[in-house]
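Trainee: Got a sequence here, can you build the structure:
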Amino acid sequence: MMAALQKAVLFSLVTCAGLVCLNSAHAQDSLRQCAAIRADAERLACYDSLTKSMDTQAMQNPPDSSTARPAMSRPQPGGSQLAQAWELDAGSKTGTFAITGHRPMYFLLTQHTDAINTAPTSPAPGRSATAPTRYDATEAKYQISAKTKALENIVGSDVDLWLAYTQQSNWQLYNPSGSAPFRETDYEPEVILTVPINRDLLGVNLRMINFGFSHQSNGRANPLSRSWNRLYAQIGLERGNFMLMARPWWRVLEARSRDDNPDIYDYMGNGDVLAVYRSGAHVVSALARYSFAGHRGGFEADWAFPISGPLKGYVRAFNGYGENLLDYNHRQTTIGAGVAISTW
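Mentor: Numbering: from 1, shown residues only. Now for the predicted structure:
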């Protein structure tokens, strides 16, 4: 009976003031004094007095609710592709200058075209090839793309400023007679202002708006120099595993003497629409561009599937104009296969 009573007293002391009573040296000394009493009645009275004293202390000094139990971590956003890609929620913020993916990063071991562009042209004076170059219809192609957040929560708002860079190259890897040259390399830095939004729009979640500036060029001398600058607005919507991004753009006009490709609007279009669907580790995407003035454009479809760890198999098909910047006014159909380390 005495053992059961001692356990009851100990339990009362443990719960007293969230372990404060038991951890105090005074409470432990009092317990020892009570346990040393030989007479049962006196020992019981000692325990009873000590218990009442501890109950009074607990009532006068209730535990602080902020320290009574460890704070639970904020749940991370789940299920929102756009929130994770653009850090739209407070729980998804990672700070500035962390490198993250922007567009797919892939290496196509082989890409075949039905119409290789051996003599690129442009209506601008001095921007057309004077003689054709022997190129193979099968080549390799790769793209690297990343972004980093330069400013977070601008002026106390949820708006972030991103810097992005994309580079893609068409590589005549299987053309040893021509020294396996890089047929075309395009460089595209961007500055992007991201505004988080979370509103239902006809059953689809309007998640964000981007405002961006893009410069794209191939860094080549005449007659193969190509470049243009754009301002754009882009909205991002999603529902479950489906994501849609629509981006109209406006070309920044250049002086006629410096314009490498004055008719690029007629081929590259007035904007693009990207649709992405995820099913487990599989990602299927489609991107379309269209020119309302020139009634031309381009369509790209991609499929990424798991291979091992972060490495994915990657299949890409394209039809239309603008497979790269040098081919902005050249129509072709291409299909390629390789690997990717990141997708949309």
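
Trainee: ok now do the residue most central in space within the chain, which residues does it touch?
Mentor: For the chain, the residue nearest the mean C-alpha position is Ala85 (2.2 Å; C-alpha atoms, centre = their mean). Taking C-beta atoms under 8 Å, 6 or more residues apart in numbering, we find Ala85 in contact with 100-101. C-beta: built from backbone N, CA, C; applies to glycine.

Trainee: Doesn't Ala129 belong to a strand?
Mentor: No - going by DSSP: H, G, I helix; E, B strand; the rest coil, the assignment for Ala129 is coil, not a strand.

Trainee: Test my guess that it contacts Asn222.
Mentor: No - counting by C-beta atoms under 8 Å, Ala129 stays clear of Asn222, with 10.3 Å between them.

Trainee: quick one: which of the two has more around it?
Mentor: Taking other C-beta atoms under 10 Å, Ala129 and Asn222 do not tie; Ala129 has more neighbours (15 against 12).

Trainee: Can you check what pLDDT the model gives the more buried one?
Mentor: If you check Ala129, the pLDDT there is 97.

Trainee: And what about the closest residue to it other than its chain neighbours, helix, strand or coil?
Mentor: Leaving out its chain neighbours, the residue that sits closest to Ala129 by C-beta to C-beta, 6 or more residues apart in numbering is Ala119, at 4.4 Å. Using three-state DSSP, the structure places Ala119 in coil.

Trainee: Ramachandran coordinates for Ala119?
Mentor: phi -140, psi 80 (degrees, to the nearest 10).

Trainee: can I assume it is in contact with Tyr135?
Mentor: No - judged on C-beta under 8 Å, Ala119 makes no contact with Tyr135 at a distance of 9.9 Å.

Trainee: Would you mind telling me which of these two has the busier surroundings?
Mentor: Neighbours were counted for Ala119 and for Tyr135 using other C-beta under 10 Å; Tyr135 has more, 18 against 13.

Trainee: ok, that one - contacts?
Mentor: So Tyr135 contacts 116-118, 172, 175, 178, 183 (C-beta under 8 Å, 6+ apart).

Trainee: What subset of those residues is buried?
Mentor: With burial judged by 16 or more other C-beta atoms under 10 Å, the buried subset of those is 116-117, 172, 175, 183.

Trainee: Nearest to Tyr267 among these?
Mentor: Taking C-beta to C-beta as the measure, Tyr267 lies nearest Asn117 of the buried ones among the contacts of Tyr135, at 12.7 Å.

Trainee: Excluding residues flanking it in the chain, which one is nearest the closest one?
Mentor: His330 (4.5 Å).

Trainee: wait, that neighbour sits on Ile116?
Mentor: No - between His330 and Ile116 there is no contact under C-beta under 8 Å: 9.2 Å.

Trainee: the strands in the stretch 101-250 of the chain, which residues?
Mentor: 105-113, 138-151, 160-171, 182-201, 204-217, 227-239, 242-251 (DSSP state E, counting those that start in this stretch).

Trainee: Out of those, flag the one nearest Phe318.
Mentor: Phe318 sits nearest to strand 105-113 of all these, at 8.7 Å, using C-beta to C-beta.

Trainee: From the rest of the structure, what touches stretch 193-210?
Mentor: Contacts of stretch 193-210 (C-beta under 8 Å, 6+ apart): 80, 82-83, 86, 88-89, 158-162, 192, 211-212, 232-239, 244, 247.

Trainee: Which ChimeraX command selects the buried ones in those residues?
Mentor: Selecting the buried subset of the contacts of stretch 193-210 in ChimeraX, with 16+ other C-beta under 10 Å as the burial test, is done by:
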select :80,82,83,86,88,89,158,159,160,162,192,212,232,234,235,236,237,238,244,247
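
Trainee: Quick one: neighbours of Asn229, just the number.
Mentor: Burial measure for Asn229: 15 neighbouring residues, criterion other C-beta under 10 Å.

Trainee: swap in Gly203?
Mentor: Neighbours around Gly203, by other C-beta under 10 Å: 6.

Trainee: Check the one 3 residues further on too.
Mentor: For Leu206, the number of neighbouring residues by other C-beta under 10 Å comes to 16.
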